[in-house]
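Visitor: Mind looking at a prediction? Sequence and model below.
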Amino acid sequence: MSDRRPPWSLLAPALLLVLLGVAWLLPDLDVLGLEADDDGPQADVRATLDGLGPAPLVLIGFDADLGTYAEVRPTVRTLIADLLVRDARIAFVSLTVEGRALATSEQARLRRGEANANRMLDLGFIPAAEAGLVDLTRSIRPDDDAGALAFAREVSTAGMAAFDAIIVVGGNDLGPRSWIEQVAPRIAPTPIVAITPSVLLPEVLPYVASGQLAALIGTPGDGAAYRSAAEVGSLERLVEAGGPRSLPILVGLLIAAGAMGQALVARLVGTTRSLADRDRA
Amino acid sequence: MTGLFGAGPAEVVGTWVAATLTLVVLGSLLGERRMFGWSQHLLAGLATGFLALIALREVIAPRLLEPLAADPAGRPELWGGVALVAVAAAAPWLPRRVTAVPASIAIGALAAFALAGAVIGTLLPQLDAAIVRPGSDLGATVVGVIGAVVTGLVLIGFVHGVPRGRILTSAAGVGRWLLVAGIGAWLGYLVLSRLILLIDRIGFLLGEWLGFVP
């Protein structure tokens, strides 16, 4: 089942990998820094977290997607560390299987990093997509194993009303839009913060403009700005060193633009030739 | 990047397995498709296994079997659920009219929740936010008007099967091009997301596996 393309046509992807690898190895240039300005979306996130009060209860709707999680992963890890530094109590819930797998992996990582287990609650996987989200607004049933946690009992008694904020890690089918459509209209006003890959930006940006999302980190630049501004103190070990590197991103985008330009020029040349042939005929 | 702490045997093995599979997947770019096919089977198998595990451990057992075992008469709606699951599982051997029932309920319920949520949570609040109110600054007014015009043109682009005059036809053409431009912009974001994923994997191979530090 080996590829029967001519060797020269396999050279392009190999060259792409080599170029990206070299760009990854080179030091980043300051001029290419991804960090957006200080007053951007990251300031909204920090302002939302600052306004939560002491030891807040935060629900994290974890429905990231394997294909885009690499983009938001460093920011998600920083945000969780930021919440723990603020003495927040965090509950994880997922409505997609892929999101559940990533949430389980992140919680295992937090345990290995010796994060305070008494401040984390796993609400597991909720089936039935949108209907599951609606069910979540009516009752929340923490696992029996979590019953020892005081805040698990609080969540069990008060349901969604127990939470001071909701953070949605998007990327999969049930992202910030689903939470805004199914959960927000059914509960008391609760700030919703979203972290999404840039591919979801056109979908979620209108919710920021309408005020339905309290804050959104939706681009690598916003994520980099938030990570550089966040103060995680003693929980630095939970944060991922670095993030998406700007130089390889630039190289990759230039190659993508070049490929598109080449396709456009090839089509123009083909059209011009066929017109010329028709004139000659 | 793997999220592993320390350098114990489990972490080392995990890193090597991840690196090997990453190389196999990247190898498909260079023409090696046989091992890439195996890696796809592995992914599909793991995903199916995980799905079955989640369904059994987090849905069927705690939400269906345990409540029924604890109080068989107390939750009659769960027996209905059991019946629907049984019909769905026996679909290959039952008449289509019978097997259509659970599928219809699932699709209908999903569509009802999605539609109601879209109207209450998106359509109405977004229409409200798009209205230019007296006292708005000039920038907001201009953005609102442009948004309304673009929305109108794209909606006209979807009008099919009705007689149209020259103006409507032109407007529909502009609307379709605006739609194409929007999809193009979205694809640009998609390229960025996928590119970051590729760079992340290259970084994993170079940094975490081979130990290079940029």
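Guide: Done, it's in.
Visitor: Now do stretch A:126-144: everything it contacts.
Guide: A:91, A:93-95, A:121-124, A:149, A:152, A:155-156, A:159-160, A:173-174, A:178-179, A:181-183, A:186-187, B:55, B:58-59, B:63, B:109-110, B:113-114, B:117 (Cβ atoms under 8 Å, 6 or more residues apart in numbering or on different chains). For glycine as for every other residue, the C-beta is placed from the backbone atoms N, C-alpha and C.
Visitor: A:Pro142 - nearest residue in space that isn't next to it in sequence?
Guide: A:Ala152 (4.3 Å; Cβ to Cβ, 6 or more residues apart in numbering or on different chains).
Visitor: looking at this, that neighbour is in a helix?
Guide: Yes - secondary structure of A:Ala152 (DSSP: H, G, I helix; E, B strand; the rest coil): part of a helix.
Visitor: I figured it hits A:Leu121, correct?
Guide: Yes - using Cβ atoms under 8 Å, A:Ala152 is in contact with A:Leu121, at 5.4 Å.
Visitor: Burial check on A:Thr271, number of neighbours?
Guide: 10 (other Cβ atoms under 10 Å in any protein chain shown).
Visitor: re the thing from before, from the contacts of stretch A:126-144, which land in strands?
Guide: Using DSSP state E, the members of the contacts of stretch A:126-144 that fall in strands are A:91, A:93-94, A:121-124.
Visitor: what's next to the host helix or strand of B:Ala129, contact-wise?
Guide: Assigned by DSSP states H and E, B:Ala129 belongs to helix B:124-130. Contacts to helix B:124-130, defined as Cβ under 8 Å, 6+ apart, come from residues A:206, A:209-212, B:144, B:147-148.
Visitor: now stretch A:270-281: how far from the chain's centre is it?
Guide: Centroid separation for stretch A:270-281 versus its chain: 50 Å, with Cα atoms, centre = their mean, to the nearest Å.
Visitor: do stretch B:23-39 as well
Guide: 25 Å.
Visitor: Let me know the helix or strand that A:Lys228 is in.
Guide: Not quite, residue A:228 is Ser, not Lys. helix A:220-229.
Visitor: May I see the buried residues of the very next helix or strand once past that helix?
Guide: Counting by DSSP H and E, the element after helix A:220-229 in chain order, helix or strand, is helix A:246-280. Applying a neighbour-count criterion of 16 or more other Cβ atoms under 10 Å in any protein chain shown, one finds A:246-249, A:251-252, A:255-256 buried in helix A:246-280.
Visitor: Can you get me a residue count around B:Ala118?
Guide: Using other Cβ under 10 Å, B:Ala118 has 16 other residues around it.
Visitor: And for B:Ile105, the neighbour number?
Guide: By other Cβ under 10 Å, neighbour count at B:Ile105 equals 12.
Visitor: phi, psi of the closest residue to it other than its chain neighbours?
Guide: Excluding its sequence neighbours, the residue lying closest to B:Ile105 (Cβ to Cβ, 6+ apart) is B:Leu84, at 6.8 Å. The phi and psi values for B:Leu84, taken as degrees, to the nearest 10, are phi -70, psi -40.
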